[in-house]
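[1] Predicted structure and sequence below. I'll ask about it afterward.
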Number of protein chains: 2
Amino acid sequence: MAGNAQEKILSFIREYLDKHQTPPTLREIQEHCGFSAIGTIQYHLKNLAHGGFIEVKPRLSRGITLTNRTTGIPIIGTVPAGPAQLAFEQVEGYISALHEEMKPAPRTASAGSPRSSSSTTSLATPPNPAFDPRGLFALRVKGDSMIDAGILDGDLVIVRPQSSAKNGDIVVARLAQEEATVKRLVRKPGVIHLAPENPKYRPIPVDENTEIIGKVIRVVRHYS
Amino acid sequence: MAGNAQEKILSFIREYLDKHQTPPTLREIQEHCGFSAIGTIQYHLKNLAHGGFIEVKPRLSRGITLTNRTTGIPIIGTVPAGPAQLAFEQVEGYISALHEEMKPAPRTASAGSPRSSSSTTSLATPPNPAFDPRGLFALRVKGDSMIDAGILDGDLVIVRPQSSAKNGDIVVARLAQEEATVKRLVRKPGVIHLAPENPKYRPIPVDENTEIIGKVIRVVRHYS
DNA sequence: TTGTAATTAATACATATGTATGTTAACATT
DNA sequence: AATGTTAACATACATATGTATTAATTACAA
């Protein structure tokens, strides 16, 4: 697999932006990514731009900007797949990692829209968890099972993927074949279950069919 | 009052960043702010940097970055004053307008820390509502009166200042001498009141002592 | 007025930075 | 082997962009 250099460069640009608030120059990329020629950077930037990961404004110094696809954390409607392999086919859209616009995202084109036959190599493929800032993703909450914890239907929870959690943490878990749910993890001696925060529902025992996908670290709600 | 040019320039930088994701050059500032000499921009940037509103990285093209003070929207603990004159003495800190870090902000130094006797003019004064992106501010919620609306103690509500609101809107209002509260505005024929979302509390009639400060447009909660 | 500081202007300069072009090596495809 | 594509390298070049310096203008106080 090629594309290694592309990932490296893209990561560096993101780091640089994080740190300096302004995009790097070609030569900075060159140096920090360990290339001995600036032409190499030109080459990869062209491909990254082609792949829709960045935009390069011609003639402008520091004219690289990251696209939503690169910057954003994906909003996922449902999480039926395994933990690492999140359902990126189901990406509703992206929100800025900085939460710039956390409005209900318009349904985006399916991730399968290929640009395949072009001359660009690698990375011009569906989004990859390794790409968003810290692997975060956002999940739109359905239902009222966490209403007493102040998490309402339609809210957006931001999730850090992790396979275990502490007592009291609010987690995203996947039950058997079902979609993911948001619940509070309760660990007592001899008991581990996922507790809804709504008397209408009952706790769900954690067994081998239950999988913790991540921990809810933030809740965001928008009023029109 | 001088500082007019400074405000103009600062606003332009913010707009430019919004639009281009990268800071403007001195000459772009010059042109768009209507100055005929680049030296003027140098002059004002120096002062803006001195005042703590921007940082300018020497020798770097497009090396201007906005500081939190400029970028952020203020987190206000209490709002005792009038609507326009929000209590900026009470600023807890700033959060990125992009909500970059909406963690409970550490108490910041009092706004009164002066840099007065320096040669820098104007604008090196306390923050000004006109400065944050769209006049937004954030308020940390105290109490449980809106618990049934999913707004919990400690949550951060983001408020757009406005003096009236529609039926059903969640608003920030100031009652007589008291601090501001978050309530739902209820308009029925003949009745206008501020309704808590917790059976423990009673609706508050809206009279001439009640003032609507703004509308809650977002709620953000952080789990440690 | 007179003087001093604040602000704007004019201009020359150094260099930071993107662009264009050609070369080479590795590797797959025919 | 011949051919083409990818990836990396080398280098020369144009210009975009910050810097330095000095002067002209305006504002304002004594």
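    Yes, it's here. Numbering: from 1, shown residues only, chains lettered A, B, ... in the order given.

[2] drop to CA atoms for contacts and neighbour counts, all remaining ones
    Will do.

[3] What helix or strand is A:Gly52 located in?
    A:Gly52 is part of no helix or strand when elements are defined by DSSP states H and E.

[4] Give me the nearest residue to it, chain neighbours excluded.
    A:Thr67 (7.0 Å; CA to CA, 6 or more residues apart in numbering or on different chains).

[5] need the contact list for the one you found.
    Residues counted as contacts of A:Thr67 (CA atoms under 8 Å, 6 or more residues apart in numbering or on different chains) are A:Gly52, A:Phe53, A:Ile54, A:Glu55.

[6] neighbour-wise, which of these leads?
    Highest neighbour count within the contacts of A:Thr67: A:Ile54, with 23 neighbours (other CA atoms under 10 Å in any protein chain shown).

[7] which residue sits closest to it, ignoring its sequence neighbours?
    A:Leu66 (4.5 Å).

[8] follow-up on the earlier one: can you read off the pLDDT for the residue nearest to A:Gly52?
    Looking at A:Thr67, its pLDDT reads 86.

[9] Distance check, it against chain B.
    Distance of A:Thr67 to chain B, computed by CA to the nearest CA, to the nearest Å: 10 Å.

[10] any idea how far A:Val216 is from A:Asn209?
    According to CA to CA, to the nearest Å, A:Asn209 stands 20 Å off from A:Val216.

[11] re earlier: what about the residue nearest to A:Ile54, how many neighbours?
    21.

[12] ranges for the helices of chain A?
    A:4-20, A:26-32, A:38-50, A:68-71 (DSSP state H).

[13] weakest of those by average pLDDT?
    helix A:68-71 (a mean of 76).

[14] How about stretch A:192-212 and chain B, touching?
    No - applying CA under 8 Å from any CA of the partner chain, one finds stretch A:192-212 separated from chain B by no less than 11.8 Å.

[15] ok now the lengthiest strand in chain A, how far from the chain's centre?
    When chain A is parsed with DSSP state E, its longest strand is strand A:210-222. Centroid separation between strand A:210-222 and its chain, computed with CA atoms, centre = their mean, to the nearest Å, is 12 Å.

[16] for chain A, what helix or strand is lowest in average pLDDT?
    strand A:91-95 (a mean of 64; mean pLDDT, DSSP states H and E).

[17] Isn't the residue nearest to A:Ile54 up against A:Lys57?
    No - the criterion here is CA atoms under 8 Å, and A:Leu66 misses it with A:Lys57 at 11.3 Å.

[18] Quick check: neighbours shared by these two?
    Listed as contacting both A:Leu66 and A:Lys57 by CA under 8 Å, 6+ apart is no residue at all.

[19] Beta-bridge partners for A:Val219, please?
    Counting by DSSP bridges, A:Val219 is bridged to A:Val157, B:Arg221.

[20] contacting residues for it?
    A:Ile151, A:Asp155, A:Leu156, A:Val157, A:Ile158, B:Val219, B:Val220, B:Arg221, B:His222.
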